[in-house]
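S.K.: What follows is a predicted protein model with its sequence.
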Amino acid sequence: MTLDQLNMVEKIVETGSILAASKALNMSQPAVSVAVKKLEEELELKIFTREQYRTTLTPEGEALYKKSKLILSHVDSLQHMAEKIVKGEEAEIRIAIDIGCPFSPVFEALKHIEQEFPHTGFNFSTESLGGSFEKLMNGTVHFALLPQGIDTYKQAEPLFVTKIDIGPVAAPFFPAAQTKSKLSREEMRKYVQILVKDTSVDLPKMDYAVVEGARHWRVSDIFMKKQMILSGLGWGGMPYHLVEEELRDGRLIPLQIEDIEKSSCDMVLTRKRNQPIGPVAQKLWEYFLNKKQE
């Protein structure tokens, strides 16, 4: 069985006869007839009935045709993808996103880009603290979406994407939340602070707004951290967009802590400086560049 034989079957079905199919394929009628007959002999089934004026599929031929049409469409898609890669379009774009970043700006960008480059795949990973920057620097990803300020090595070019608010929160029944006045770091040492682990491997480990001397419980992701805070097991800093509903209905309340109050942070899309990128990556970069200038 060959792709050429399957293509002949498809053309016969589409045109209604072996003669019309041979003309469409720029082949002789006997050549097409012989190829189809060999396919029937190989598969030990009859594909077409030839008793009528119009060549029609047998029930077995109908099943074969449906399957072969699917195969041919996959082959066509594969060929098209190969052509795009030869022209320089990336087969895959990899992006590391810090767990504190909103996903919606990236999703909006993909809506604009995916239709223009349907054969490029996107691979996402979520990281915390230095993890996304490390993946960018070691070449694991093309882009990192992270808080402004993590790039301390001046090796990456940042582009503003959005701004978030972040601050310490706790459940209203948590002991520290009962105090109306501002809490000192000394007082906060009595309470468990929930922290997210830094996912970087080789970079110096980072932490956000840590109270030294307190008991620290570390979790692997920010959603577990949120649930632990909601349960009253401890307090911690959270991006407000991830706890917006809980702050609104009172399940969480902001804490007033010395030097650890609510603050704003710019989220930036980052790429390595002076490193060439392909057309799809360039399109993604230009999307956020244009958004910044609006």
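M.R.: Sure thing, it's come through. Residues are numbered from 1 along each chain as shown.

S.K.: At the geometric centre of the protein, which residue do we find?
M.R.: With distances taken as Cα atoms, centre = their mean, Phe124 lies nearest the centre of the chain, 3.9 Å away.

S.K.: what secondary structure does that one sit in?
M.R.: Secondary structure, DSSP: H, G, I helix; E, B strand; the rest coil: Phe124 is strand.

S.K.: Count the residues that sit near the nearest residue to it once chain neighbours are set aside.
M.R.: Sequence neighbours aside, Ile95 is the residue nearest to Phe124 in space, at 5.4 Å (criterion: Cβ to Cβ, 6 or more residues apart in numbering). Glycine gets a C-beta too; all of them are placed from N, C-alpha and C. Residues lying near Ile95 (other Cβ atoms under 10 Å) number 22.

S.K.: Where does Ile95 fall, secondary structure wise?
M.R.: strand 92-98 (DSSP states H and E).

S.K.: Tell me the strands beside that strand, with direction?
M.R.: Using DSSP bridges, strand 92-98 pairs in its sheet with strand 121-127 (parallel), strand 143-147 (parallel).

S.K.: residue boundaries of the strands in the chain?
M.R.: Assigned by DSSP state E, the chain shows strands spanning 48-49, 56-57, 92-98, 121-127, 143-147, 156-170, 192-196, 215-219, 236-239, 253-254, 263-272.

S.K.: out of those strands, nearest to Leu183?
M.R.: Nearest to Leu183, of all the strands of the chain, is strand 156-170, at 9.1 Å by Cβ to Cβ.

S.K.: quick one: average pLDDT of the closest one?
M.R.: Averaging pLDDT along strand 156-170 gives 91.

S.K.: same thing with stretch 100-111?
M.R.: Mean pLDDT, computed over stretch 100-111, is 88.

S.K.: what's the spacing between stretch 99-114 and its chain's center?
M.R.: Distance of stretch 99-114 from the chain centroid (Cα atoms, centre = their mean, to the nearest Å) equals 9 Å.

S.K.: Start at 14, not 1
M.R.: Right, with 14 as the first residue, what we last looked at is stretch 112-127.

S.K.: That one: which residues count as buried?
M.R.: Within stretch 112-127, the residues scored as buried using 16 or more other Cβ atoms under 10 Å are 112-115, 118-119, 122-123, 126.

S.K.: can you put these in JSON lines and add distance to Gly263?
M.R.: Shown next, in JSON lines, are the buried residues of stretch 112-127 (distance: Cβ to Cβ, whole Å):
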{"residue": "Ile112", "distance to Gly263": "25"}
{"residue": "Gly113", "distance to Gly263": "23"}
{"residue": "Cys114", "distance to Gly263": "26"}
{"residue": "Pro115", "distance to Gly263": "23"}
{"residue": "Pro118", "distance to Gly263": "29"}
{"residue": "Val119", "distance to Gly263": "31"}
{"residue": "Ala122", "distance to Gly263": "35"}
{"residue": "Leu123", "distance to Gly263": "35"}
{"residue": "Ile126", "distance to Gly263": "40"}
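
S.K.: Closest to Glu225 out of these?
M.R.: Nearest to Glu225 among these, counting by Cβ to Cβ, is Gly113 at 21.8 Å.

S.K.: just for the stretch 164-307 of the chain, where's the confidence low?
M.R.: The stretch 164-307 of the chain contains residues with pLDDT under 70 at 164-166, 305-307.

S.K.: now the helices for it?
M.R.: 198-201, 235-243, 257-262, 292-306 (DSSP state H, counting those that start in this stretch).

S.K.: Of those, which stretch is the most buried?
M.R.: By mean neighbour count, with neighbours taken as mean count of other Cβ atoms under 10 Å, helix 235-243 ranks first of the helices of the stretch 164-307 of the chain at a mean of 18.
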